[in-house]
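*Asks:* can't give you the sequence, but here's the structure:
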């Protein structure tokens with residue numbers, strides 16, 4: 001469970017990336033059913049101003065000792081450098097060794113890389129720093145084409161707003177879809193762009209020529225039990241099949257089949273959390289048709305069987 005969250009600041013911290021962590025974990029939303037977080041902002045010099053990357057200053061009130069029992073440690077972006085404060089690196093190594101979750105936003109991945117915590121592990125960072133990152137950390141398994149990578153107790157995200165995706169994914173993983181959705185609603189952002197326990201979200205490619213497929217996507221979500229074939233969807237979108245398939249990948253980052261499967265899993269997660277429906281009924285309501293198909297896709301995407309997920313996250317009385 002996520003209870004204590006510590007964020008480590010250092011010189012030239014990026015305010016937006018720090019703000020992402022503060023927005024998700026640092027605001028009291030208990031009135032909206034979100035569990036309280038013990039949010040600590042830390043540095044090697046508590047109480048002293050730190051320069052930011054945007055010509056301003058910020059003060060962290062707590063020292064690195066707060067990392068010692070934190071469930072989650074966030075590392076926002078900072079100006080790239082060859083070396084980082086060894087006190088911070090040592091604290092991160094100790095935290096990782098005891099099983100704490102470490103989450104980086106944007107170039108914060110360089111801090112974990114310098115600490116030796118990304119050797120041989122899948123990760124990502126901002127696309128601008130890919131070449132530099134690969135040169136500096138050749139044994140890290142960098143994936144430059146994703147928004148974030150979940151590798152268990154280490155989550156790395158790409159540039160800027162991808163940190164929102166990573167944070168909400170972690171909330172969903174640890175606290176359930178309902179909590180993640182409440183936070184996302186207050187932030188006015190999508191609660192989830194794709195599903196998965198070990199999450200690899202393909203980066204959407206902007207479509208330069210025009211109209212959004214959002215009406216078709218909305219219809220698909222409202223009709224999950226329908227057999228969504230490319231010919232039928234292309235006809236609804238009034239496009240050729242080839243144009244539709246290309247546009248769909250451009251807007252969603254994935255294929256129609258994978259996208260609708262993810263939406264069906266999301267629907268199943270909500271029903272598992274908020275109702276007492278049987279597995280067969282949930283399979284029907286979510287569009288899988290049979291319990292066997294639901295179990296297969298649910299476990300592949302979420303990582304646990306539906307019944308196990310329900311035992312952990314059910315909120316229905």
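*Replies:* Great, that's in hand. In this text the structure is predicted, and so the values were computed from the model without any measurement.
*Asks:* Just the pLDDT at residue 43, thanks.
*Replies:* pLDDT recorded at residue 43 is 98.
*Asks:* gap between it and residue 265?
*Replies:* 40 Å (CB to CB, to the nearest Å). Heads up, the C-betas are built off the backbone N, CA and C, glycines and all.
*Asks:* Residue 9 too?
*Replies:* Taking CB to CB, one finds residue 9 at 36 Å from residue 265.
*Asks:* can you check residue 187 too?
*Replies:* 22 Å.
*Asks:* Residue 153 too?
*Replies:* Applying CB to CB to residue 153 and residue 265 gives a distance of 23 Å.
*Asks:* what's the helix ranked longest in the chain in contact with?
*Replies:* Using DSSP state H, we find that the single longest helix of the chain is helix 256-274. By CB atoms under 8 Å, 6 or more residues apart in numbering, the surrounding residues in contact with helix 256-274 are 176-178, 192, 194-195, 217, 220-221, 224, 228, 230, 233, 245, 248, 252, 254, 277, 282-283, 285-288, 294, 297-298, 301-302, 306, 309-310, 313-316.
*Asks:* Please repeat the previous calculation with a cut-off of 6 Å.
*Replies:* Helix 256-274 is contacted by residues 176-178, 194-195, 220-221, 224, 228, 233, 248, 252, 277, 282, 286-288, 297-298, 301, 306, 309-310, 313-316 when judged by CB atoms under 6 Å, 6 or more residues apart in numbering.
*Asks:* Can I get the buried part of the residues you listed as one ChimeraX selection?
*Replies:* To isolate the buried subset of the contacts of helix 256-274 in ChimeraX, counting by 16 or more other CB atoms under 10 Å, use the following:
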select :176,177,178,194,195,220,224,228,233,248,252,277,282,286,287,288,297,298,301,306,309,310,313
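*Asks:* Strands - which of the contacts of helix 256-274 land there?
*Replies:* In strands, judged by DSSP state E, none of these are found.
*Asks:* In helices, which of the contacts of helix 256-274 fall?
*Replies:* Per DSSP H, the contacts of helix 256-274 map to helices at 177-178, 220-221, 233, 248, 252, 282, 286, 297-298, 301, 306, 309-310, 313.
*Asks:* Tell me if residue 148 really is in a helix.
*Replies:* No: counting by DSSP: H, G, I helix; E, B strand; the rest coil, residue 148 is located in no helix; its state is strand.
*Asks:* number of nearby residues for it?
*Replies:* Around residue 148 there are 26 other residues, counting by other CB atoms under 10 Å.
*Asks:* For it, list the residues it contacts.
*Replies:* Neighbours of residue 148 in contact, by CB under 6 Å, 6+ apart: 157, 162, 165-166.
*Asks:* Secondary structure added to these, as a markdown table?
*Replies:* Below are these laid out as a markdown table (three-state DSSP):
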| residue | secondary structure |
| --- | --- |
| 157 | strand |
| 162 | helix |
| 165 | helix |
| 166 | helix |
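*Asks:* Highest neighbour count among these?
*Replies:* Busiest of the contacts of residue 148 [other CB under 10 Å] is residue 157, holding 33 neighbours.
*Asks:* That residue contacts residue 105, correct?
*Replies:* Yes: the criterion here is CB atoms under 6 Å, and residue 157 meets it with residue 105 at 5.4 Å.
*Asks:* Show me the common contact partners of those two, please.
*Replies:* Contacts common to residue 157 and residue 105, judged by CB under 6 Å, 6+ apart, are residue 163.
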